[in-house]
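A.B. asks: sequence and predicted model, in that order:
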Amino acid sequence: QPKGQQQGEERPRGIGSGFILSADGYVLTNAHVVDGADEVYVNLTDKREFKAKVIGADKRTDVAVLKIEASKLPIVAIGDAARLKVGEWVMAIGTPFGLENTVTAGIVSAKARDTGEEIRFLQTDVAVNPGNSGGPLINMRGEVVGINSRILSESGGYMGISLSIPIDDAMKIVEQLKGGGKVVRGLIGVRLGPVTKDIAESISLPKAQGAQVQGVVAGSPAQKAGIKTGDIITKFNGEPVEKPSDLSRMVAATKPGTKSSIEVFRLGSSKQLSVTVGDMETGDKQAAKEPADTSEGKLATSMLGLKVTNLSAEQRSALGEDGGGVLVQAVDGPAARIHMRPGDVLMTVANVRVNSVSELESVLAKAGKTPRLSLLVRRGDWAQFVVIQPNTK
């Protein structure tokens, strides 16, 4: 029953699925199945009904652990999702549309499907519909290998793509929820963006991979470690970082307080840094201040279509350790086409830092008739690389 329900009103009920982890009554389901519920009941196949206590729910991974007061319950066998092979047969058990104990079958379509979230999903073509959420995905040995979590659909119903949480990942979350009711995650305090082929070529990065640092939170572990806006993080604890979501997962899985190594690509070369991972719960509460916009400027750069001026001492101080660059006052031509705007801070051009208008002009003079230039542009607390096609006439 949703919280806030008034007495006398009809009690809306939601239906989901789940499975028993232990004979003493621990039950695993999806976090979204119990989200917002004031009361949760578990119905067993033998028609017994129990009021359940939510031990913990983790929205980031969509895993929830419930507890019912019972004993000698039948339990599932936990399998190993890592051993699954694409093409292997699996089946789902659940309550789609309220139809209890419904079994559907299909094959594993893909493993480690990356949707940009904290976990990589098992993708199957098993029919999953509303009411299946939280139910087990089972291999042909009768072992649970996943939790049926969602479908990809334009209609809201099954269209051949179902996503399940690998049981290996789910059980790690279960351990933390049972131990303290919440999940502890690592954080370093950066905002990340992708590294495109154009960006990689423009900054001489050998491959279009890694995580582009678009901002560093003030006082964060990343700032203390010397990570700067515009860095490309290519490795974490020796593991390659292919894209931003890889780094997010690696850091989140690292225990707060752990000293970790980070490799960054900065201004044409790789650097090794050491960072002490922070706590995501604490880090999420940090708020960074917006740097102040300013006005007045007089030097135009015809190649980029920008009118820029030097930053004042106060503006540099407000920008913190990354307080270099020139302030954009007006935008036209090539810069307008890549959506730059007044108030932006231009930090690097062609992988070279520019701390004054004169330095900017020097870099542009050396660039000559280069068809494309990489710019590192800061807006507010965050920055990102963009590629511009300058006027070369």
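C.D. replies: Good, I have the coordinates. These figures come from a predicted structure and were not determined experimentally.
A.B. asks: where's residue 67 relative to residue 228, distance?
C.D. replies: Distance of residue 67 to residue 228, given as C-beta to C-beta, to the nearest Å: 47 Å. From N, CA and C alone the C-beta is placed, and that goes for glycine too.
A.B. asks: neighbour-wise, which of these two wins?
C.D. replies: Set side by side, residue 67 and residue 228 show more neighbours around residue 228, with 24 against 18, by other C-beta atoms under 10 Å.
A.B. asks: any idea which element the more buried one lies in?
C.D. replies: Assigned by DSSP states H and E, residue 228 belongs to neither a helix nor a strand.
A.B. asks: and if you look at residue 336?
C.D. replies: Residue 336 is located in helix 333-337, with elements delineated by DSSP H and E.
A.B. asks: ok, now residue 359?
C.D. replies: Per DSSP H and E, residue 359 falls inside helix 357-367.
A.B. asks: elements contacting that helix?
C.D. replies: Helix 357-367 sits against strand 299-301, strand 306-310, strand 345-349, with contacts defined as 3 or more C-beta pairs under 8 Å, 6 or more residues apart in numbering; DSSP states H and E.
A.B. asks: in that helix, what's buried?
C.D. replies: 357, 359, 360, 363, 364, 367 (16 or more other C-beta atoms under 10 Å).
A.B. asks: and what of stretch 252-264?
C.D. replies: Going by 16+ other C-beta under 10 Å, stretch 252-264 has these buried residues: 252, 254, 256, 260, 262, 263, 264.
A.B. asks: mark which of those residues are part of helices, please.
C.D. replies: Counted as lying in helices by DSSP state H, out of the buried residues of stretch 252-264, are residue 252.
A.B. asks: format the buried residues of stretch 252-264 as a markdown table; extra columns: pLDDT and distance to residue 171.
C.D. replies: A markdown table is the format used below for those (pLDDT from 0 to 100; distance: C-beta to C-beta, whole Å):
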| residue | pLDDT | distance to residue 171 |
| --- | --- | --- |
| 252 | 92 | 16 |
| 254 | 93 | 18 |
| 256 | 93 | 21 |
| 260 | 96 | 24 |
| 262 | 97 | 28 |
| 263 | 96 | 31 |
| 264 | 96 | 33 |
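A.B. asks: could I get the full set of strands for the stretch 251-393 of the chain?
C.D. replies: Taking DSSP state E, counting those that start in this stretch as the test, the strands found in the stretch 251-393 of the chain are 259-266, 269-276, 278-279, 299-301, 306-310, 326-331, 345-349, 352-353, 373-379, 382-388.
A.B. asks: quick one: contacts for residue 77?
C.D. replies: 141, 142, 143, 144 (C-beta atoms under 8 Å, 6 or more residues apart in numbering).
A.B. asks: buried subset of the residues you listed?
C.D. replies: With neighbours counted by 16+ other C-beta under 10 Å, the contacts of residue 77 contain buried members at 143, 144.
A.B. asks: and which of the contacts of residue 77 is nearest residue 24?
C.D. replies: Residue 24 lies nearest to residue 144 out of the contacts of residue 77, by C-beta to C-beta, at 18.0 Å.
A.B. asks: before we move on, what SS does the closest one have?
C.D. replies: Here residue 144 is recorded as strand under DSSP: H, G, I helix; E, B strand; the rest coil.
A.B. asks: in the sheet, who's paired with it?
C.D. replies: On the basis of DSSP bridges, residue 144 is bridged to residue 78, residue 138.
A.B. asks: one more: residue 89?
C.D. replies: With DSSP bridges as the rule, residue 89 is bridged to residue 107.
A.B. asks: now for it, how many residues are close by?
C.D. replies: For residue 89, the neighbour count with other C-beta under 10 Å is 13.
A.B. asks: ok, residue 388 next?
C.D. replies: So residue 388, with other C-beta under 10 Å, has 22 neighbours.
A.B. asks: wasn't residue 92 part of a strand?
C.D. replies: Yes. The assignment for residue 92 by three-state DSSP puts it in a strand.
A.B. asks: tell me the contacts of it?
C.D. replies: If a contact means C-beta under 8 Å, 6+ apart, then residue 92 has 103-105, 124, 126-128, 132, 135-138, 148, 162, 164 as its contacts.
A.B. asks: ok, now with 6 Å
C.D. replies: By C-beta atoms under 6 Å, 6 or more residues apart in numbering, the residues touching residue 92 are 104, 126, 128, 135, 137, 148.
A.B. asks: and what of residue 32?
C.D. replies: Residue 32 sits next to residue 62 when contact means C-beta under 6 Å, 6+ apart.
A.B. asks: for the host helix or strand of it, output the C-alpha coordinates as CSV.
C.D. replies: Secondary structure from DSSP H and E places residue 32 in helix 31-34. Once non-C-alpha atoms are left out, helix 31-34 reads as follows in CSV (Å, rounded to 0.1, in the frame of the first residue of the first chain):
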residue,chain,number,x,y,z
ALA,A,31,13.7,-2.4,-5.2
HIS,A,32,11.1,-0.9,-7.5
VAL,A,33,8.6,-3.6,-6.5
VAL,A,34,8.6,-2.3,-2.9
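A.B. asks: packing partners of the helix or strand following it?
C.D. replies: Next helix or strand after helix 31-34 toward the C-terminus (DSSP H and E): strand 40-43. Here strand 40-43 is seen to pack against strand 49-58 when contacts are counted using 3 or more C-beta pairs under 6 Å, 6 or more residues apart in numbering; DSSP states H and E.
A.B. asks: what helices or strands is the strand it packs on leaning on?
C.D. replies: Under the contact criterion of 3+ C-beta pairs under 6 Å, 6+ apart, strand 49-58 touches helix 31-34, strand 40-43, strand 63-67, helix 167-180.
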